[in-house]
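**Q** Here is a sequence with its predicted model. Questions after.
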Amino acid sequence: TTTAPYALVVLNGHYSSDAALGRLRSGARFCVCGDGGANILHSFASARTSGSHDLFSLRPPDAIVGDFDSIDPTVRESYARDGVEISELSDQDSTDFEKCLGRVHAWCSDAAVGAVPAAELIVCAVGAFGDRLDHEFAAINVLHGDSASRFKRVLLLSEAASACVLPAGRSVIRPDAALEGPTCGLLPVGGPCVCSTSGLRWDLSSTPMRFGGLVSRS
């Protein structure tokens, strides 16, 4: 949970918690779906409309971007009728996640809508986990790129886990015990590093980490 301003990105992966997605959508200052991510949001919204337990509104996204090879045509038409901004971007050198981050950054630069500066905005991305392994690694790769570095933080969220890049220096992790933990992993994805921790079951003390060597699990 966070009180900081955040944007929501819905990617075309696995996400099955409509309650959590409803909460995220309710509090998001801006919401963009990456291609087939619109199918996920639309299916949850349709299920809530037909149910009687709707505690959080699943409003339409503010925008949908991507090359549109996976969005359901009926979903696209439905959101178009709702006035959702739909941008077909055929660039194959960037992922749908990167396209989404680009649209969020454009929103941050739009003073006319009272947007939040990118350096103060957290981006929460759902749908990055639980589908194809190569897509998961592609999403993690985006966290290390320029498109993510412009924001205060970019988080990958699933029903059971969250992931982010920790910058060099000191970081404090405060998990929400009701939603996260008790496990924690420190992965040297960007390259070899040296890490010290406190508060974990198995702490590190100036410990070198790298793939092919030590990877922290606690």
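**A** Everything's here; your move.
**Q** tell me the contacts of Ser70?
**A** Applying Cβ atoms under 8 Å, 6 or more residues apart in numbering, one finds that Ser70 lies in contact with 12, 35-36, 39. For the C-beta atoms, the positions are set from N, CA and C on the backbone; glycine is no exception.
**Q** try 10 Å this time
**A** Ser70 is in contact with 12, 34-39, 96, counting by Cβ atoms under 10 Å, 6 or more residues apart in numbering.
**Q** now Ser94
**A** Ser94 neighbours (Cβ under 10 Å, 6+ apart): 67, 100-102, 142, 145, 147.
**Q** Show me what the mean pLDDT comes to for stretch 72-82.
**A** For stretch 72-82, the mean per-residue pLDDT is 95.
**Q** Using CSV, write out every CA atom in it.
**A** Once non-C-alpha atoms are left out, stretch 72-82 reads as follows in CSV (Å, rounded to 0.1, in the frame of the first residue of the first chain):
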residue,chain,number,x,y,z
ASP,A,72,-9.9,-8.4,-28.3
PRO,A,73,-11.6,-6.3,-31.0
THR,A,74,-14.8,-6.1,-29.0
VAL,A,75,-12.9,-4.8,-26.0
ARG,A,76,-11.2,-2.2,-28.2
GLU,A,77,-14.6,-1.1,-29.5
SER,A,78,-16.2,-1.0,-26.1
TYR,A,79,-13.4,1.2,-24.7
ALA,A,80,-13.5,3.4,-27.8
ARG,A,81,-17.2,4.0,-27.1
ASP,A,82,-16.3,4.9,-23.5
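**Q** Need the residues that contact it.
**A** 33, 35-36, 38-43, 45-46, 59-61, 63-64, 68, 71, 84-86, 88.
**Q** Pull the distance from the strand or helix carrying Cys33 to the chain's centre.
**A** Secondary structure from DSSP states H and E places Cys33 in strand 30-34. Taking Cα atoms, centre = their mean, to the nearest Å, the mean C-alpha location of strand 30-34 is offset from the chain mean by 10 Å.
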